[in-house]
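Okay, here's the prediction I keep looking at, along with the sequence it came from:
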Amino acid sequence: MKTRSIAPCGMNCNLCMAYLRDERQCPGCRDMDKDKPKYCRKCIIKNCEELAKNNLKYCSDKCRKFPCLRLKNLDKRYRNKYGMSMLENLEIINKQGIRKFLSIEKEKWIKDNMIFCIHHKKYYEIRKS
């Protein structure tokens with residue numbers, strides 16, 4: 001896992017079905033690949049003016065709108081449907097740093113060279129980068 005694979009909203013792209021699929025694999029939220037789904041390219045959080053204005057890589061309490069309604073709604077949906085929280089991820093990133101967060105994520109989601117897809121609720125073999 002690399003720091004670039006963590007989206008501004010706190011999503012670990014490594015766990016996403018679009019990132020793990022074989023065909024038309026998504027490069028992750030930080031990449032502006034033209035083949036990305038339109039909803040990804042137009043993401044309100046990724047393209048947030050506050051992030052750009054404050055030169056922030058991740059949503060944090062350094063933003064006057066944190067957590068914004070969009071982030072709260074995203075977090076609620078992912079807690080209910082997928083058992084993960086963007087806000088909890090961001091809290092770890094902002095308090096303990098991105099390297100510690102990646103270490104926690106590896107421990108939580110990777111087993112025997114397999115990574116868990118939160119959307120499909122199953123493990124996939126880790127690809128060599």
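Good, I have the coordinates.

contacts, neighbours, all on C-alpha from now
Fine.

could you pull out the helices for the chain?
For the chain, the helices defined by DSSP state H cover 17-20, 38-41, 49-53, 69-82, 86-96, 98-109.

mind checking which of those helices is nearest Met11?
Closest to Met11 of the helices of the chain is helix 86-96 (CA to CA; 5.9 Å).

What are the buried residues along that closest one?
Met86, Leu87, Asn89, Leu90, Glu91, Ile92, Ile93, Asn94 (16 or more other CA atoms under 10 Å).

Repeat that for stretch 10-17.
By 16+ other CA under 10 Å, the buried positions in stretch 10-17 come out as Gly10, Met11, Asn12, Cys13, Asn14, Leu15, Cys16, Met17.

Rounded mean pLDDT for that stretch, please.
Mean pLDDT, computed over stretch 10-17, is 94.

related to what we said a few turns ago, in a markdown table, list the helices of the chain along with distance to Arg30.
Listed next are the helices of the chain as a markdown table, based on distance: least, CA to CA, whole Å:
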| stretch | distance to Arg30 |
| --- | --- |
| helix 17-20 | 12 |
| helix 38-41 | 10 |
| helix 49-53 | 13 |
| helix 69-82 | 17 |
| helix 86-96 | 16 |
| helix 98-109 | 15 |
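
Most tightly packed of these?
Greatest average neighbour count among these goes to helix 17-20 (a mean of 20), per mean count of other CA atoms under 10 Å.
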